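K.L.:
fold the stuff below for me.
(one chain, ligands or ions: 1)
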Amino acid sequence: MSESNADSARNINNVVVPEISIEIVSEEEMALIDAVLAATRCSFTSSTVPSICSPSQFQRNVRALRSITLLSKRRFPGCSTPDIEDSGDLGLSHKGNKVPESFLERFRKGRGLSVTDMTGTEWCEKQMEYTLLFGRKRVNKAMRAGKARHEKLEEEVSRNVKIHVQSGEDAWAIKFINFITRANQLLFEGLTRELPLYGFIEGVWMVGVIDEIQMPVKETHRNPILVDTKTRVSETLPAESQRRNGRLQLMCYKYMWDNLAAGAFPSRQFFDYFSLNPEYVLSEEIRESTADEGYPAKTLEDIVTFYMNTWNMLPSAHNQLLLRYEFQKDQSLIGEDKFYYDENWLKSRIQDCLGFWRGEREASYTPVEDRWKCQFCQFAPVCSGNPKPESTHSSSQTDSNTSSSQKETL
Ligand code: SF4
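P.N.:
This is a model prediction of the structure:
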């Protein structure tokens, strides 16, 4: 891409946040962390992300973990009282008739879910539960390489500039500006990458970051094509369960996209949920920047209006979705998976995942036929769903090429 094109695709997304040195944080997770910062009026210095505990600490916590699992068990409609014996004596007892917090309330309150949360839950609910309670795995070489590849792809079509934020409202404004800039790039240049989506689906706020969107030039109906690129350590296509996980991810994006393109962005609920002041006057730097881009915005509400107006210009996404598998070593194409959107299947998967997040039932182990995943799971030594607890855990494989849900952490 030429320098002038890069300039026209100017991207503003450098929000001042603390360095997180021991974990890879996906773009979606980063967006969620930013949302928390926004909710706490940008108290950046106090933000923390759970880190993995030491093995001995981990073992000590296993008992507590099992009990916590019980605390998250089924909450039947109309039943407001938790089973008292399930709560044990963990310092987690609840006063009166208070219902125990679901994972959604406990870990995503004021933040919403990411599409990565959905795919991670579909991969193995038990693994997601462990990850929430004890933190995720550390970065390995394959993950770093995958992340670098995605950054390179992004740099091919856009350039980041630094903007300092003074508040949560500023931070959110920059996210929406980021979207507007890239959506315009899609409309005028036919391609954009790393497009962030913020929407409300199935009763929850959700964030997603789409790898790539292409605008078809020859078709009569110009519906954007959503693309996701998976980098793999081995030069082979993944197993069906991994491909299914990738399909779920892209279908989530399509569902969010179509909802937003249809105008479904409840802005009042958005301001309330994330505790934002719509009338907040944005920083001078942001106001100048939006004026330069041709849509002068004074307040956060102005930016949200521009965000919604931009969606009004976008058609629904193409029904065919594209998963690309790339060999990490030389970036050659291993293969593509083209498939059609299946809304009924997607909604049933989302509802199933939300059952776990809302505490309506206990976390399930991955199905028996998928227990091969256990040999690559960091929690295998303590998980009773693991059929071979004595086998050695090999994180390098799963981190790089077996879990589609890990894409944003690569
Ligand atoms: S060991 Fe297997 S069943 Fe247990 S959390 Fe890991 S992948 Fe899921």
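K.L.:
need the nearest residue in space to residue 379, chain neighbours excluded.
P.N.:
Taking C-beta to C-beta, 6 or more residues apart in numbering, and ignoring the residues beside it in sequence, residue 379 has residue 130 as its nearest neighbour in space, at 4.3 Å. Quick note: C-beta positions are derived from backbone N, CA and C, even for glycine.
K.L.:
work out for me the element the one you found sits within.
P.N.:
Using DSSP states H and E, residue 130 sits within helix 125-134.
K.L.:
contacts for the host helix or strand of residue 322?
P.N.:
Assigned by DSSP H and E, residue 322 falls within strand 320-327. By C-beta atoms under 8 Å, 6 or more residues apart in numbering, the list of residues contacting strand 320-327 from outside reads 149, 225-232, 235, 237-238, 243, 246-247, 250-251, 254, 332-341.
K.L.:
cool, stretch 302-309 as well?
P.N.:
Contacts with stretch 302-309, where a contact means C-beta under 8 Å, 6+ apart, come from 172-173, 176-177, 179-180, 263, 265, 267, 270, 278, 282, 290, 295-297.
K.L.:
so for that stretch, what's the average pLDDT?
P.N.:
Confidence for stretch 302-309, expressed as mean pLDDT, is 97.
K.L.:
check stretch 376-386 too.
P.N.:
With pLDDT averaged residue by residue, stretch 376-386 scores 91.
K.L.:
by contact count, what packs against the helix holding residue 130?
P.N.:
Using 3 or more C-beta pairs under 8 Å, 6 or more residues apart in numbering; DSSP states H and E as the contact criterion, the secondary-structure elements in contact with helix 125-134 are helix 62-71, helix 103-108, helix 115-123, helix 343-357.
K.L.:
nearest to the ligand, out of those?
P.N.:
Proximity to the ligand (C-beta to the nearest ligand atom) singles out helix 115-123 among the helices and strands packed on helix 125-134, at 7.6 Å.
K.L.:
and the angle for the closest one with helix 125-134?
P.N.:
130 degrees (axes from the mean of the first three to the mean of the last three C-alpha atoms, to 10 degrees).
K.L.:
tell me which other helices or strands helix 115-123 touches.
P.N.:
Contact partners of helix 115-123 among helices and strands, from 3+ C-beta pairs under 8 Å, 6+ apart: helix 27-39, helix 125-134, strand 204-214, helix 240-261, helix 343-357.
K.L.:
export only the CA atoms of stretch 262-282, formatted as PDB.
P.N.:
Output of stretch 262-282 as PDB, limited to C-alpha atoms (Å, rounded to 0.1, in the frame of the first residue of the first chain):
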ATOM      1  CA  ALA A 262     -29.500  -3.200  10.700                       C
ATOM      2  CA  GLY A 263     -29.200  -0.300  13.200                       C
ATOM      3  CA  ALA A 264     -29.300  -2.400  16.400                       C
ATOM      4  CA  PHE A 265     -27.100  -0.500  18.700                       C
ATOM      5  CA  PRO A 266     -29.000   0.500  21.900                       C
ATOM      6  CA  SER A 267     -26.900   3.600  22.700                       C
ATOM      7  CA  ARG A 268     -28.600   4.500  26.000                       C
ATOM      8  CA  GLN A 269     -28.000   1.000  27.300                       C
ATOM      9  CA  PHE A 270     -24.500   1.200  26.100                       C
ATOM     10  CA  PHE A 271     -23.800   4.400  28.100                       C
ATOM     11  CA  ASP A 272     -25.500   2.900  31.200                       C
ATOM     12  CA  TYR A 273     -23.800  -0.500  31.000                       C
ATOM     13  CA  PHE A 274     -20.300   0.900  30.600                       C
ATOM     14  CA  SER A 275     -21.000   3.900  33.000                       C
ATOM     15  CA  LEU A 276     -20.200   6.500  30.400                       C
ATOM     16  CA  ASN A 277     -21.300  10.100  30.200                       C
ATOM     17  CA  PRO A 278     -22.600  10.800  26.700                       C
ATOM     18  CA  GLU A 279     -22.100  14.500  27.100                       C
ATOM     19  CA  TYR A 280     -18.500  14.200  28.100                       C
ATOM     20  CA  VAL A 281     -16.400  16.700  26.100                       C
ATOM     21  CA  LEU A 282     -13.600  14.700  24.400                       C
END
